[in-house]
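Engineer: Got a predicted model here, sequence first, then my questions.
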Amino acid sequence: MSAYHDPHVHGQSPCAEHKARSPVSIECGIITCSDTRTPETDKSGQLIRELLTQAGHRIGAYHVVKDEPIEVRELVRQLGAQPGLEALIINGGTGISRRDSTFEAVDGLLDKRLPGFGELFRYLSYKEIDSSAMLSRATAGLYQEIVLFSVPGSSGAVRLAMEALILPELAHIVGEIRK
């Protein structure tokens with residue numbers, strides 16, 4: 001076994017060592033893409049806020065925007081210029097209906113993609129909702145110096161993405177970006 005994979009070297013695995021040096025609290029932005037939701041009716045956006053704050057992260061921005069690519073891109077650009085913001089979580093608009101255009105709006109902005117996020121999200125979704133998980137175009141990547149996650153808008157999908165993938169890795173990813 002190589003030293004890279006040996007968890008007994010230095011007492012912990014290299015991944016655990018990286019995570020141990022990660023920041024404790026991240027400033028995050030939340031965008032809900034929806035033609036029908038308002039801040040008062042946005043259960044998924046509020047769930048993201050709740051889960052982030054429970055994990056010790058800060059909310060630096062929260063917006064509800066129509067699922068219009070130009071509006072979504074402009075808002076992502078504005079938030080990308082906001083000092084201190086290190087993560088952006090977008091929910092909604094990741095399906096394949098005619099109005100679902102968040103993927104196209106976001107994908108073109110990414111400097112680096114994290115394809116494993118979408119792959120893992122669809123795998124975990126498949127275990128819960130069967131083959132319709134393939135319709136999700138959840139994605140993640142880096143926009144400038146910000147990690148960006150784009151997830152479906154249902155509360156179940158948001159909870160799955162946040163609890164299984166985003167929260168366990170958020171500080172680690174931001175720590176890697178800061179290097």
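Structural biologist: Thanks, I have the structure now. Just so you know, these numbers come straight off a predicted model, no measurement behind them.
Engineer: quick one: the strands in the chain?
Structural biologist: 27-33, 58-65, 87-91, 112-113, 139-143, 146-151 (DSSP state E).
Engineer: Put together CSV for those, with mean pLDDT and distance to residue 157 on each row.
Structural biologist: C-beta: built from backbone N, CA, C; applies to glycine. Putting the strands of the chain into CSV (pLDDT from 0 to 100; distance: least, C-beta to C-beta, whole Å) gives the following:
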stretch, mean pLDDT, distance to residue 157
strand 27-33, 97, 13
strand 58-65, 98, 17
strand 87-91, 98, 8
strand 112-113, 97, 20
strand 139-143, 98, 13
strand 146-151, 98, 6
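Engineer: Redo the ones you listed as a markdown table? Include mean neighbour count.
Structural biologist: Output for the strands of the chain, formatted as a markdown table (neighbours: other C-beta atoms under 10 Å):
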| stretch | mean neighbour count |
| --- | --- |
| strand 27-33 | 25 |
| strand 58-65 | 17 |
| strand 87-91 | 26 |
| strand 112-113 | 12 |
| strand 139-143 | 21 |
| strand 146-151 | 26 |
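Engineer: Tell me who's in contact with residue 84.
Structural biologist: Residue 84 makes contact with 27, 60, according to C-beta atoms under 8 Å, 6 or more residues apart in numbering.
Engineer: before we move on, back to that, for the strands of the chain, give me a markdown table that also has distance to residue 176.
Structural biologist: Shown next, in a markdown table, are the strands of the chain (distance: least, C-beta to C-beta, whole Å):
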| stretch | distance to residue 176 |
| --- | --- |
| strand 27-33 | 16 |
| strand 58-65 | 19 |
| strand 87-91 | 12 |
| strand 112-113 | 11 |
| strand 139-143 | 10 |
| strand 146-151 | 9 |
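Engineer: If anything else comes up later, I'll come back, but that's it for now.
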